[in-house]
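**Q** no sequence on this one, just coordinates:
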């Protein structure tokens, strides 16, 4: 009986480790910095900082649901950002039209990912690792190796259609809109994965691909569907990064890959889910953003932060896989 209670206690701690860690972070940073950490302005900063990581994490969540894996989300999102800002500044399109063009171009570019994975049968990680270099090369060729921002000519030397950003462009990347967009993405992914047959089919594929095939699920069709939804979220993430920075800098989204993966792997342990899920991913993103924000306020050197993010990912992987049976 005592052994059973101990196992239950350990399972509870592992299942809710992310939430417990988040609570400890709030207590620790509040004790160290008080109102400076707990101020409403800083809470908004945390929400704003986690928004982009969460959207990237949702893209990874959709990919991982059928047991996929995408290493090229950051580089593809950078391309999406280039397209979004260039459509707006270089070609004078509206914000909405630029966003639609951005999403369509990202969907077209993602066809190559699906071709390598579904037609050429290349493992996801290998295919997307190769595509990281493809995206970087194509993206920088398109923008001429420089940033896309106000006051700069096009990559072919022509004058841009616009020389200034309207408020509607920058407001997407600011509170409250960036937070609202994040919540909308999380809600969509949560409902899609948990309350539609399509989401359940993706989870079935992630649980046992052969069993899913034998049960009549068209695994190729649903893997393609997951890829297309992933591409839309990648495009949205690129739009948010560009809007927040009021430009599309070279490789502006590349650094979001590891934090988003950390959020997904932390999230799959929340509540004992043992699978990628939207709510868990958001909890993971909150944890990563809170750690980074708190350590920054505590004047921890910026070069220490990647080590902290890596440690969070390592601990999440331990919680996700160490207790699993073979």
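**A** The structure has been received and is ready for your questions. Owing to the predicted nature of the structure, the values given are computational and were not obtained by experimental measurement.
**Q** average model confidence for stretch 202-214?
**A** The average pLDDT for stretch 202-214 rounds to 92.
**Q** Going forward, count from 34.
**A** New numbering, starting at 34: the last item is stretch 235-247.
**Q** tell me how far it is from the chain's mean position?
**A** 24 Å (C-alpha atoms, centre = their mean, to the nearest Å).
**Q** Can you list the buried residues in that stretch?
**A** 235, 236, 237, 238, 239, 245 (16 or more other C-beta atoms under 10 Å). From N, CA and C alone the C-beta is placed, and that goes for glycine too.
**Q** I'd like those residues written out as a markdown table, with secondary structure and distance to residue 289 added.
**A** Formatted as a markdown table, those follow (DSSP: H, G, I helix; E, B strand; the rest coil; distance: C-beta to C-beta, whole Å):
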| residue | secondary structure | distance to residue 289 |
| --- | --- | --- |
| 235 | helix | 23 |
| 236 | helix | 25 |
| 237 | helix | 29 |
| 238 | helix | 26 |
| 239 | helix | 23 |
| 245 | helix | 30 |
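**Q** wait, which of those is closest to residue 189?
**A** The nearest member of the buried residues of stretch 235-247 to residue 189, counting by C-beta to C-beta, is residue 235 at 42.1 Å.
**Q** list the contacts for that closest one?
**A** Residues counted as contacts of residue 235 (C-beta atoms under 8 Å, 6 or more residues apart in numbering) are 95, 98, 99, 226, 255, 258, 259.
**Q** Can you lay out these as CSV showing secondary structure?
**A** Converted to CSV, the contacts of residue 235 look like this (DSSP: H, G, I helix; E, B strand; the rest coil):
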residue, secondary structure
95, helix
98, coil
99, coil
226, helix
255, helix
258, helix
259, helix
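**Q** By neighbour count, which of the residues you listed wins?
**A** Ranked by neighbour count (other C-beta atoms under 10 Å), the contacts of residue 235 have residue 95 at the top, with 30 neighbours.
**Q** shouldn't that one be in contact with residue 259?
**A** Yes: assessed by C-beta atoms under 8 Å, residue 95 is found in contact with residue 259 at 5.4 Å.
**Q** Could you measure from residue 193 over to residue 272?
**A** 19 Å (C-beta to C-beta, to the nearest Å).
**Q** Among those two, which residue is more densely surrounded?
**A** Ranked by neighbour count (other C-beta under 10 Å), residue 193 and residue 272 place residue 272 first, with 27 against 18.
**Q** Would you agree the more buried one falls within a helix?
**A** Yes: under three-state DSSP, residue 272 falls within a helix.
**Q** In contact with it, which residues?
**A** Counted by C-beta under 8 Å, 6+ apart, residue 272 has contacts 113, 114, 117, 132, 135, 205.
**Q** which of the contacts of residue 235 lies closest to residue 324?
**A** Using C-beta to C-beta, the contacts of residue 235 come closest to residue 324 at residue 95, 24.8 Å.
**Q** and residue 269, how far is that from residue 214?
**A** Distance from residue 269 to residue 214, by C-beta to C-beta: 7 Å.
**Q** what do these two both touch?
**A** Taking C-beta under 8 Å, 6+ apart as the criterion, residue 269 and residue 214 both touch residue 88.
**Q** For these two, indicate the residue with more neighbours.
**A** residue 269 (26 against 21).
**Q** Please name the spatially closest residue to that one (chain neighbours excluded).
**A** Residue nearest to residue 269 in three dimensions, not counting chain neighbours: residue 88, with 5.6 Å by C-beta to C-beta, 6 or more residues apart in numbering.
**Q** Cross-check the contact I'm expecting between that neighbour and residue 215.
**A** Yes: counting by C-beta under 8 Å, residue 215 is a contact partner of residue 88 at 6.0 Å.
**Q** which of these two has more neighbours?
**A** Using other C-beta under 10 Å as the criterion, residue 88 and residue 215 rank with residue 88 on top: 30 against 25.
**Q** shaky segments in the stretch 184-333 of the chain?
**A** 305-306 (pLDDT under 70).
**Q** go again using 80 as the cut-off
**A** 302, 304-307 (pLDDT under 80).
**Q** hey, where'd the helices end up in it?
**A** 200-203, 210-228, 230-240, 242-247, 252-278, 290-300, 311-330 (DSSP state H, counting those that start in this stretch).
**Q** Please identify the most buried of the ones you listed.
**A** Comparing the helices of the stretch 184-333 of the chain by mean neighbour count (mean count of other C-beta atoms under 10 Å), helix 290-300 ranks first with a mean of 26.
**Q** All set now, cheers.
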